[in-house]
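[1] Predicted model and sequence below, questions to follow.
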Amino acid sequence: MKIKLSFVAMLAASVPAVAQAVPLSEAEATFLDQLVTASVVLEQRCDGYEVDGAGGVQLGARLLGSPEAAMVMIDAYAAAIKAHDGESYDSGKFRPEVFDAAAKAFRRVRTDLIKNPKRACADYGNASVEQGLLRRY
């Protein structure tokens, strides 16, 4: 009994962030969708685009109210990517709602890019440039 209780206590201490998922605000969902879209454009190797890190933080600051809030969302997305890939990540930055929303957006955009890569790369890439997340090279 003592061993079971210790194990349960250890398990409970290791997953409190996962158990307390908070829904994304509309602004967070919008910014996350834009982050995911830009990252899928890069992941699918659409020609002529690269990351505009400063632009991404500026966009997030406009949507979320501060550069710090933008960085929190960027870090949460990075943790979600690492969790998905089975890599170690900072559990304090992981948010299950970000993980779920990012996975859905990733599948949607990637499916579009696979079905019609030329059109989708141009559409999603140009939109990401206009938003400031990507730039052309």
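    In hand now; what should we look at? Residues are numbered from 1 along each chain as shown.

[2] for the residue nearest to residue 35 when sequence neighbours are not counted, what are its contacts?
    Nearest residue to residue 35, sequence neighbours excluded (C-beta to C-beta, 6 or more residues apart in numbering): residue 77, at 5.4 Å. C-beta: built from backbone N, CA, C; applies to glycine. Counting by C-beta atoms under 8 Å, 6 or more residues apart in numbering, residue 77 touches 32, 35-36, 39, 98, 102.

[3] Find the centremost residue of this protein, please.
    The residue lying closest to the centre of the chain (C-alpha atoms, centre = their mean) is residue 77, at 3.0 Å.

[4] Check that one and give its pLDDT.
    We have a pLDDT of 96 for residue 77.

[5] Now name the helix or strand holding it.
    Secondary structure from DSSP states H and E places residue 77 in helix 67-85.

[6] Distance from the chain centre to that helix, please.
    Mean-position distance between helix 67-85 and its chain equals 6 Å (C-alpha atoms, centre = their mean, to the nearest Å).

[7] Return the set of buried residues in that helix.
    Using 16 or more other C-beta atoms under 10 Å as the test for burial, helix 67-85 gives 69-81, 83.

[8] C-terminal to it, what's the next element?
    Using DSSP H and E, the next helix or strand after helix 67-85 towards the C-terminus is helix 96-115.

[9] can you list contacts of that next one?
    Residues from elsewhere that reach helix 96-115 (C-beta under 8 Å, 6+ apart): 17-18, 21-24, 29, 32-33, 35-37, 39-41, 43-44, 46, 73, 76-77, 79-81, 83-84, 120-121, 124.

[10] Make a PyMOL selection of whichever of those residues turn out to be buried.
    In PyMOL, a selection of the buried entries from the contacts of helix 96-115 looks like this (16+ other C-beta under 10 Å):
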select buried, resi 24+29+32+33+35+36+37+39+40+41+44+46+73+76+77+79+80+81+83+120+121+124
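
[11] Inside strands: which ones of the contacts of helix 96-115?
    Residues of the contacts of helix 96-115 located in strands (DSSP state E): none.
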